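1. Sequence and computational prediction follow.
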Amino acid sequence: MKKVGIIRCQQTEDLCPGTKDFAFAAQGKGAFEALGACEVMGFVSCGGCPGKRAVARAQMLRERGAEAVVLASCITKGTPLGFPCPNKGLMLRAIRAKLGEDFPVLEYTHPSAAEIKAAEEAAGQACG
């Protein structure tokens, strides 16, 4: 079981305890399908806007045993507010540059509510 560190949006800390992030990691679902079931060994915030501390925090997670770093869906998909971080691309590029292209950096933890609803509707239409 791989150990992962998750970086979340500081703006959503009081709205989301990370329940889906932990569940999807443990079940190997969502972005974790690429890694299989994972143990979350660290869960930290980006440090606040504009996310510059995310790079140092990703490095810290790696140094403390993370075998992959994941940006939570609150950053990249905007869950639960529906507003993705405008700096997500910069954060991803900076983290990948710091950790190296061979170190896994996943771009989200779980699908957004809109993506789940669309998939459920598509499945319902396919069935009948």
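-> That came in fine, so what should we check first?
2. drop to CA atoms for contacts and neighbour counts, all remaining ones
-> Will do.
3. For residue 92, pull up the helix or strand it's in.
-> helix 88-99 (DSSP states H and E).
4. elements contacting that helix?
-> Helices and strands touching helix 88-99, as assessed by 3 or more Cα pairs under 8 Å, 6 or more residues apart in numbering; DSSP states H and E, comprise helix 53-63, strand 105-106.
5. Please identify which of these is closest to residue 26.
-> strand 105-106 (15.0 Å; Cα to Cα).
6. What strands flank the closest one, and is each parallel or antiparallel?
-> strand 68-71 (parallel) (DSSP bridges).
7. just to revisit the earlier point, as CSV, the helices and strands packed on helix 88-99 with mean pLDDT would be great.
-> CSV is the format used below for those (pLDDT from 0 to 100):
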stretch, mean pLDDT
helix 53-63, 98
strand 105-106, 97
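8. Point to the helix or strand of this protein where mean pLDDT is at its lowest.
-> helix 113-127 (a mean of 73; mean pLDDT, DSSP states H and E).
9. Can I get that one in PDB? Just the C-alpha atoms.
-> Only the C-alpha atoms of helix 113-127 are listed here, as PDB (Å, rounded to 0.1, in the frame of the first residue of the first chain):
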ATOM      1  CA  ALA A 113     -20.400  16.500  -7.200                       C
ATOM      2  CA  ALA A 114     -21.300  17.700 -10.700                       C
ATOM      3  CA  GLU A 115     -19.200  14.900 -12.200                       C
ATOM      4  CA  ILE A 116     -20.700  12.300 -10.000                       C
ATOM      5  CA  LYS A 117     -24.200  13.500 -10.800                       C
ATOM      6  CA  ALA A 118     -23.500  13.500 -14.600                       C
ATOM      7  CA  ALA A 119     -22.100   9.900 -14.300                       C
ATOM      8  CA  GLU A 120     -25.200   8.800 -12.400                       C
ATOM      9  CA  GLU A 121     -27.500  10.400 -14.900                       C
ATOM     10  CA  ALA A 122     -25.600   8.800 -17.800                       C
ATOM     11  CA  ALA A 123     -25.800   5.400 -16.100                       C
ATOM     12  CA  GLY A 124     -29.600   5.800 -15.500                       C
ATOM     13  CA  GLN A 125     -30.100   6.700 -19.200                       C
ATOM     14  CA  ALA A 126     -28.100   3.700 -20.300                       C
ATOM     15  CA  CYS A 127     -30.200   1.400 -18.200                       C
END
